[in-house]
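K.L.:
turn this into a structure:
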Amino acid sequence: MLSLLHKDFPSSQDELAQALDKALRRFVHKEGSIVDVRARVFPYLDEIVMNLDGARFDSPPPIVSPAVNQTLPALEAALVTLGGRNVSIRGLPLNLRVEARDVVLHKGTDTNGDAMLVLHKARDGQLAILVGQLELEKAIAQIGAQEADRHGIALEQVRLAIRARGPRSLAVDLHVQARKFLLRARIDISGQVDIGESFATKIFLKCKSDGAIGSLACNALNPIFERLNEKRFSFASLPLGEIQVRDVRLAVANTVELTADFGS
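P.N.:
Numbers count the residues shown, from 1 in each chain. Model (predicted):
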């Protein structure tokens with residue numbers, strides 16, 4: 001669902017492109033245009049293209065309330081694509097790609113009376129998110145260094161290793177060398193991510209260390225990890241209208257890749 005920030009629903013391909021571009025810029029920072037709509041006979045669209053190359057997301061997208069009334073058919077698109085290379089999510093660089101075919105979009109009205117665009121059906125599609133292990137390591141080091149500096153701690157080394165345990169499981173090992181004055185400590189964080197048959201995701205994280213600095217760090221981190229370990233997230237619970245997730249896969253090499261197949 002996406003609020004279009006306008007009372008009237010777009011009545012042409014140019015109006016649709018402008019409305020989508022404006023709506024996305026509420027939480028996307030990017031130079032140049034984002035949306036291109038190609039159509040010979042509106043509202044039957046050949047393609048909706050969203051280009052997020054070099055885009056920056058500094059905050060989570062705004063929460064959009066469900067439509068206040070029943071939604072109605074509005075648009076059909078043979079192909080909807082969303083792609084982004086070197087996208088930054090709060091400092092984490094990644095690549096993403098979404099393709100959906102034979103898409104049906106509904107229109108509705110949000111609580112402010114603005115027009116909404118609602119994804120209703122898609123014959124099939126795929127989502128892929130790729131992040132490099134080295135880039136992820138650098139992002140963790142940068143975020144960790146900022147937090148450690150508040151406590152007068154210097155991070156001397158951060159090493160990340162992610163390996164596949166199966167098509168829906170991966171293991172994570174993070175080793176941190178920290179120093180405060182003349183005291184040094186090694187902090188080891190181990191983790192595991194498992195996606196079950198119903199696409200429910202479980203996370204396990206644990207911190208261990210020796211020495212005063214490491215113990216302080218783990219004493220602060222482990223309660224946070226325990227709360228995360230108790231949470232469950234299911235891809236099947238995403239509000240996607242009649243669209244269902246059909247498969248989810250994880251692959252690890254120099255990059256970590258999450259791929260999800262979906263369709264109505």
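
K.L.:
quick check: residue 26 is in a helix.
P.N.:
No. Secondary structure of residue 26 (DSSP: H, G, I helix; E, B strand; the rest coil): coil, not part of a helix.

K.L.:
okay, now it: neighbour count?
P.N.:
For residue 26, the neighbour count with other CB atoms under 10 Å is 12. From N, CA and C alone the C-beta is placed, and that goes for glycine too.

K.L.:
next one: it from residue 114, what distance?
P.N.:
12 Å (CB to CB, to the nearest Å).

K.L.:
what touches both of those two?
P.N.:
residue 5 (CB atoms under 8 Å, 6 or more residues apart in numbering).

K.L.:
quick one, domains of this structure?
P.N.:
According to automatic domain parsing, the chain comprises the domains 2-130, 151-234.

K.L.:
so which of these gets nearest residue 242?
P.N.:
Across the domains of the chain, residue 242 has its closest neighbour in domain 2-130 (5.1 Å, CB to CB).

K.L.:
look at the closest one and report the distance between its end residues.
P.N.:
24 Å (CA to CA, to the nearest Å).

K.L.:
ditto for stretch 65-78
P.N.:
27 Å.

K.L.:
circling back to that earlier point, save the domains of the chain as JSON lines, and put in distance to residue 144 too.
P.N.:
Below are those laid out as JSON lines (distance: least, CB to CB, whole Å):
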{"stretch": "domain 2-130", "distance to residue 144": "12"}
{"stretch": "domain 151-234", "distance to residue 144": "6"}
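
K.L.:
want to throw the ones you listed into TSV with distance to residue 262 and mean pLDDT?
P.N.:
Converted to TSV, these look like this (distance: least, CB to CB, whole Å; pLDDT from 0 to 100):
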stretch	distance to residue 262	mean pLDDT
domain 2-130	5	91
domain 151-234	10	88
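
K.L.:
just the strands from the stretch 151-264 of the chain, written as ranges.
P.N.:
Assigned by DSSP state E, counting those that start in this stretch, the strands in the stretch 151-264 of the chain fall at 154-166, 169-180, 183-195, 200-209, 232-234, 244-252, 255-263.

K.L.:
which one, of these, ends up nearest to residue 2?
P.N.:
Of the strands of the stretch 151-264 of the chain, nearest to residue 2 by CB to CB is strand 255-263, at 17.5 Å.

K.L.:
need phi/psi at residue 134.
P.N.:
With angles defined as degrees, to the nearest 10, residue 134 sits at phi -70, psi -40.

K.L.:
swap in the one 5 residues further on?
P.N.:
Per-residue torsions, residue 139: phi -70, psi -40 (degrees, to the nearest 10).

K.L.:
okay but it is in contact with residue 93, surely?
P.N.:
Yes. The criterion here is CB atoms under 8 Å, and residue 139 meets it with residue 93 at 7.3 Å.

K.L.:
so these two - more neighbours on which side?
P.N.:
When residue 139 and residue 93 are compared for neighbours, residue 139 comes out ahead with 21 against 16, by other CB under 10 Å.

K.L.:
look up how far residue 146 lies from the more buried one.
P.N.:
11 Å.

K.L.:
same thing with residue 113?
P.N.:
42 Å.

K.L.:
more neighbours: the two, which one.
P.N.:
Ranked by neighbour count (other CB under 10 Å), residue 113 and residue 146 place residue 146 first, with 11 against 8.

K.L.:
contacting residues for residue 140?
P.N.:
158, 160, 174.

K.L.:
and residue 96, bridged to which residues?
P.N.:
residue 84, residue 129 (DSSP bridges).

K.L.:
residue contacts, it?
P.N.:
By CB under 8 Å, 6+ apart, the neighbours of residue 96 are 52, 82-84, 87, 127-130.

K.L.:
select only the buried ones of the residues you listed in ChimeraX?
P.N.:
If you want just the buried ones from these in ChimeraX, going by 16 or more other CB atoms under 10 Å, the selection is:
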select :52,82,83,84,87,127,128,129,130
